[in-house]
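S.K.: Please find the sequence and the predicted model below.
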Amino acid sequence: MAAVNVGDVFEPGDVVPKSGIYRVIHDHRHAQPHEVTCIYGKRFPPCHGCGHHPRFRLVTAAQHIETHDLFK
């Protein structure tokens, strides 16, 4: 798997490659960009308002607490 870097962009249906904060960019007529937390291994969802348009840009990568050796 290729390295995941801050700024990388993903589409609905892609598997979340790294837990963290992602900026969601919608069709500008539908909603303003906003940030969400996404968890490694889940899929980026489509938006109910603009379908498959939103893009997810990694802002801050973070390890999910459930995968950290000290908290398993």
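M.R.: The structure has been received and is ready for your questions.

S.K.: Give me the average confidence score over the helix or strand V24 falls within.
M.R.: V24 belongs to strand 20-25 when assigned by DSSP states H and E. Averaging pLDDT along strand 20-25 yields 97.

S.K.: Just the buried residues of it, please?
M.R.: G20, Y22, R23, V24, I25 (16 or more other Cβ atoms under 10 Å). Just so you know, the C-beta spots here come from the backbone N, C-alpha and C atoms, and that holds for glycine as well.

S.K.: Show residues contacting the host helix or strand of T60.
M.R.: Assessed by DSSP H and E, T60 sits inside strand 55-61. Under the criterion Cβ atoms under 8 Å, 6 or more residues apart in numbering, residues 4-11, 14, 18-25, 35-36, 38, 44 lie in contact with strand 55-61.

S.K.: can you check stretch 29-41 too?
M.R.: By Cβ under 8 Å, 6+ apart, stretch 29-41 touches 15-26, 44, 47, 49-50, 53, 56, 59, 64, 67.

S.K.: who's in contact with the nearest residue to Y40 once chain neighbours are set aside?
M.R.: Excluding the flanking residues, the one nearest Y40 by Cβ to Cβ, 6 or more residues apart in numbering is S19, at 4.4 Å. Under the criterion of Cβ under 8 Å, 6+ apart, the contact list for S19 reads T37, C38, I39, Y40, A61, A62, Q63, H64, T67.

S.K.: Pipe those into CSV and attach secondary structure and neighbour count per row.
M.R.: Putting the contacts of S19 into CSV (DSSP: H, G, I helix; E, B strand; the rest coil; neighbours: other Cβ atoms under 10 Å) gives the following:
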residue, secondary structure, neighbour count
T37, strand, 11
C38, strand, 21
I39, coil, 12
Y40, coil, 17
A61, strand, 16
A62, coil, 11
Q63, coil, 13
H64, coil, 15
T67, helix, 12
